[in-house]
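> Have a look; sequence and predicted model below, questions after that.
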Amino acid sequence: MGCTSCASGTGGQPRGCKNNGTCGTDGCNKLTVFDWLSNMSLPAEIEPFNAVEVRFKNGRKHFYQTHPEFTVVIGDVVVTEAENGHDVGIVTLTGELVRVQMQKKKEDLDTTKLPKLYRKATQKDVDYWQSLREKEAEVQKRSREIAMHLGLEMKISDVEYQGDGSKVTFYYTAEGRVDFRQLIKDLARAFHTRIEMKQIGFRQEAARLGGIGSCGRELCCSTWLTDFRSVSTSAARYQQLALNPQKLAGQCGKLKCCLNYELDVYLESLDSFPKLDTKIKTENGLAMCQKIDVFRNLMWYSYVENGMKWYEITVEKVKEMIEKNNKGELIKALEDYAEEEDLGDEVLFSDATSQDSLTRFDAPKKTSKNRRSRSRKKQGKKRDNEKATSKQGASNKNPQVKNKKRNKGKRRNPNSK
């Protein structure tokens, strides 16, 4: 989530382009919508739609009324109307596409009922807004300490200051109902401002915090997903997935939203399959379905008495056997309808790296002949040195042997007596 010149800086702000998240490419923004009508001119008889979409912290968006003579573009920092004050946000959408978004979200198209957009933010407004954003981390930490002191079973996941600093909104998650009346009094006494508490779900919490999913991409809920549909374990069953909570659960602790992406395709394909609980009557006994393959239109059946051996049968042949059972006929055996696996010359696996043995690293290294000869010479020299040192030590211990060697080495003088 960033343009080519942006990167994460101190305090979570972008660095590189120095626009602090207000660049026209919307690379630093979350849940942005591409304005595919921006380069199209309106007919002469149609007036421009005087409403804009403004984004606040962590994807919170609202629609605001603009004056016809007041022109804003995507990426402008603007001052908007708020309850008992004003707020500061970034324009994310303008023009006719705002009308489409309002229809999609079932909003009233009467722009006179929308709150007003006052003006573009000045540098003073932006500086004060940034100073409030820097205080949010410390406020969140202090609010958690107060909630723990009161013994409330809740988690304050995020804090948002209004643009003028007159109100602080605390977003929290909890399993049940929480009585936070005393908490509001303590927070108002600690921060000297109006307090608003909003309970959000675990999916909304993950969307506000963001993160990286198991697929390696950013979370869908924090980038483009706007509606959170319910996800059940039946979606995993229809797709023949293992019911492993560690793999099916996302960072929010709930089932992953992506389980619903391909569910309609699976349901459409399963309409051509017979019911999985239908048993086939054969002369060898009842046969029941063990597994299906949606992509290859195959089903695996086994006898009830011998469930270890499965037979691969196509969907057409299974329907044929069920039709015979409905007529009162018994099937001779599943072997007559099973598909024969004829691999032929088909290569199922090819080793591209020429690493055939999995235990290739466990095998001892082979030494060459030169290394062996060198090692033998070294060992021979070592033995000779050891023998020499042993003889020298023995002669040092016996002084007679030492004197004989010394006299033997001297030349005899003939004039000596």
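Nice, thanks for sending it over.
> just checking, Leu225 touches Cys257?
Yes: using CB atoms under 8 Å, Leu225 is in contact with Cys257, at 6.3 Å. For the C-beta atoms, the positions are set from N, CA and C on the backbone; glycine is no exception.
> The two - which one has more neighbours?
Remark: of Leu225 and Cys257, Cys257 carries more neighbours, 21 against 15, as counted by other CB atoms under 10 Å.
> For the more buried one, list the residues it contacts.
Arg203, Cys220, Cys221, Leu225, Phe228, Arg229, Val231, Gly250 (CB atoms under 8 Å, 6 or more residues apart in numbering).
> For those residues, pick the one with the most neighbours.
Cys221 (27 neighbours).
> Grab the nearest non-local neighbour of it.
Closest residue to Cys221 apart from its sequence neighbours, by CB to CB, 6 or more residues apart in numbering: Ala207 at 3.8 Å.
> Show the pLDDT at Leu241.
Looking at Leu241, its pLDDT reads 87.
> got it, and Gly12?
Looking at Gly12, the pLDDT reads 52.
> do the same with the one 3 residues further on
As predicted, Arg15 sits at a pLDDT of 51.
> returning to that earlier point: what's the burial count for the residue nearest to Cys221?
Going by other CB under 10 Å, the residues that sit close to Ala207 add up to 24.
> List the buried residues in the helix or strand containing it.
Assigned by DSSP states H and E, Ala207 belongs to helix 202-209. Using 16 or more other CB atoms under 10 Å as the test for burial, helix 202-209 gives Phe202, Arg203, Gln204, Glu205, Ala206, Ala207, Arg208.
> what residues are up against the residue nearest to Cys221?
Residues counted as contacts of Ala207 (CB under 8 Å, 6+ apart) are Asn58, Gly59, Leu219, Cys221, Ser222, Leu225.
> Now the fifth one. Nearest residue, chain neighbours left out?
In this case it means Ser222. Per CB to CB, 6+ apart, closest to Ser222 is Gly210, 4.1 Å.
> ok, the one you found to Thr282 distance?
Going from Gly210 to Thr282 by CB to CB, to the nearest Å gives 56 Å.
> Off-centre distance for the helix holding Ala207?
Centre-to-centre, helix 202-209 and its host chain are 13 Å apart (CA atoms, centre = their mean, to the nearest Å).
> Using CSV, list the CA coordinates for that helix.
Only the C-alpha atoms of helix 202-209 are listed here, as CSV (Å, rounded to 0.1, in the frame of the first residue of the first chain):
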residue,chain,number,x,y,z
PHE,A,202,-13.0,-8.7,15.7
ARG,A,203,-13.1,-8.5,12.0
GLN,A,204,-13.4,-4.7,12.2
GLU,A,205,-10.5,-4.6,14.6
ALA,A,206,-8.2,-6.5,12.1
ALA,A,207,-9.3,-4.1,9.4
ARG,A,208,-8.3,-1.1,11.4
LEU,A,209,-5.0,-2.5,12.5
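> which stretches of the stretch 301-417 of the chain aren't confidently modelled?
By pLDDT under 70, the low-scoring segments of the stretch 301-417 of the chain are 341-373, 375, 390-417.
> residue contacts, Glu335?
Glu335 neighbours (CB under 8 Å, 6+ apart): Tyr311.
> Make 34 the starting number, not 1.
In the new numbering, first residue 34, that becomes Glu368.
> Read off the pLDDT value for Glu208.
pLDDT at Glu208 comes out at 87.
> so it sits right up against Leu185, yeah?
No: counting by CB under 8 Å, Glu208 stays clear of Leu185, with 11.6 Å between them.
> Neighbour count: those two, which is higher?
Leu185 (17 against 9).
> got a list of what that one touches?
Contacts of Leu185 by CB under 8 Å, 6+ apart are Val211, Asp212, Phe213, Leu216.
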